[in-house]
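K.L.:
Let's see this in three dimensions:
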Amino acid sequence: MDSVQQNSPSSKAQQNMKAFSKKPFTGSKKMPSELKGEKPTEKPSSNVEISQTAKVINKKKQVQGMEPIKKPDQSLLLKNKPGIFFLSGFDIQGLSSGDGGVSGMAENVPHGRHFSWKDEDRVLEEITQTSVQQPIILVGHSLGGDAVVNLANRLNSMEHGFRNVDLLVTLDSVGFDNDLIPPNVKRNLNFIGDEDVFFNDGPNIARDEGRTKVFNEIRSEMHTGIDDSKEVQKKIFSAISGTLSENRSFNELVNKFLRS
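P.N.:
Numbers count the residues shown, from 1 in each chain. All right, here's what the predicted structure looks like:
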């Protein structure tokens, strides 16, 4: 009977527990996971590596287009701003002021952009990138005046959707075919210098007086100084301000009508 008690499962379990408690658990050669056929868990290293799951997620993000924010496209920046373009003439003594008359106005008009008369194609491209709900304002001096009239004619075509020019300002234009203002121009201010007969291009005439208002004004300034005149600049600024206000009021009226 005694031998049966010593060999009983309960007595053996007590002996095993006593023996196990006496051994310090310092990490044996074979961990319980090894006994089950599993790989032992490794200690985390100081150099953290990206898990395979994280790599897959990052790869998916790149595929789905979740990339770092890039600078907005220039065309998007132009789209929702009014197109206000100032074109200077030939930069040589006797033809253009060359001292910042036109460029100075561009710097002081919000959204104003300054170009040379030779940049006509570039200006046309920027106009096509501007929303049709935004006004187009063209100001040109000397050969720049000739260029803005050319631009107005080019915009008045099927190719460019007969795009309106809300305000056209010509300052002593130089050329032979810029006196007739196309019907897509709403308003033309034409300043003519009376001191330089050679550069005097004469008054402008609207092709369709019912659609275009032309205002010719003879000035006493020389050709090279007409764009520097404070009085002329004030009239141009006032015309630009009025055009922007009219366009803003019109768009608000349209939006109000659409919401009703």
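K.L.:
which strands and helices sit next to the helix or strand where Leu168 lies?
P.N.:
Per DSSP states H and E: Leu168 is located in strand 167-171. Packing partners of strand 167-171 (3 or more CB pairs under 8 Å, 6 or more residues apart in numbering; DSSP states H and E): strand 136-141, helix 143-155, strand 187-193, helix 230-259. The C-beta positions use only the backbone N, C-alpha and C, and glycine is treated the same way.
K.L.:
Nearest to Asp177, out of these?
P.N.:
Closest to Asp177 of the helices and strands packed on strand 167-171, according to CB to CB: helix 143-155, at 8.2 Å.
K.L.:
Would you mind pulling up the elements that the closest one packs against?
P.N.:
Here helix 143-155 touches strand 83-88, helix 120-128, strand 136-141, strand 167-171, going by 3+ CB pairs under 8 Å, 6+ apart.
K.L.:
quick one: low-confidence parts of the stretch 1-150 of the chain?
P.N.:
Low-confidence segments of the stretch 1-150 of the chain (pLDDT under 70): 1-78, 92-99.
K.L.:
hang on, the earlier thing: could you dump the helices and strands packed on helix 143-155 to TSV with mean neighbour count and distance to His223?
P.N.:
Converted to TSV, these look like this (neighbours: other CB atoms under 10 Å; distance: least, CB to CB, whole Å):
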stretch	mean neighbour count	distance to His223
strand 83-88	26	13
helix 120-128	16	21
strand 136-141	28	9
strand 167-171	27	9
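K.L.:
Include distance to Ala147 when you put these into TSV, please.
P.N.:
As requested, those are exported to TSV (distance: least, CB to CB, whole Å):
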stretch	distance to Ala147
strand 83-88	5
helix 120-128	5
strand 136-141	6
strand 167-171	10
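K.L.:
rewinding a little: contacts for whatever helix or strand comes next after the strand holding Leu168?
P.N.:
Where DSSP H and E defines the elements, the next helix or strand beyond strand 167-171 is strand 180-181. Outside of strand 180-181, the residues within contact range by CB atoms under 8 Å, 6 or more residues apart in numbering are Val149, Ala152, Leu168, Asn188, Asn204, Ile205, Ala206, Arg207, Thr212, Val214.
K.L.:
check contacts around the fifth one.
P.N.:
It stands for Asn204. Per CB under 8 Å, 6+ apart, neighbours of Asn204: Thr170, Asn178, Asp179, Leu180, Ile181, Asn188, Asn190, Val214, Asn216.
K.L.:
Please name the bridge partners of the last one.
P.N.:
Yep, that's Asn216 we're talking about. Beta-bridge partners recorded for Asn216 (DSSP bridges): Asn190.
K.L.:
how many neighbours does it have?
P.N.:
Asn216 has 14 neighbours, counted by other CB atoms under 10 Å.
K.L.:
ditto for the fourth one
P.N.:
For Leu180, the count of nearby residues is 12 (other CB under 10 Å).
K.L.:
For it, give the beta-bridge partners.
P.N.:
Ile205.
K.L.:
ok, now how distant is it from Leu124?
P.N.:
Here Leu180 is placed at a distance of 19 Å from Leu124 (CB to CB, to the nearest Å).
K.L.:
Could you work out the end-to-end span of stretch 163-179 for me?
P.N.:
End-to-end distance for stretch 163-179, by CA to CA, to the nearest Å: 20 Å.
K.L.:
buried subset of the contacts of strand 180-181?
P.N.:
Val149, Ala152, Leu168, Asn188, Asn204, Ala206, Thr212, Val214 (16 or more other CB atoms under 10 Å).
K.L.:
Make JSON lines out of the residues you listed and add distance to Gly104.
P.N.:
Shown next, in JSON lines, are these (distance: CB to CB, whole Å):
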{"residue": "Val149", "distance to Gly104": "22"}
{"residue": "Ala152", "distance to Gly104": "24"}
{"residue": "Leu168", "distance to Gly104": "20"}
{"residue": "Asn188", "distance to Gly104": "22"}
{"residue": "Asn204", "distance to Gly104": "24"}
{"residue": "Ala206", "distance to Gly104": "29"}
{"residue": "Thr212", "distance to Gly104": "28"}
{"residue": "Val214", "distance to Gly104": "26"}
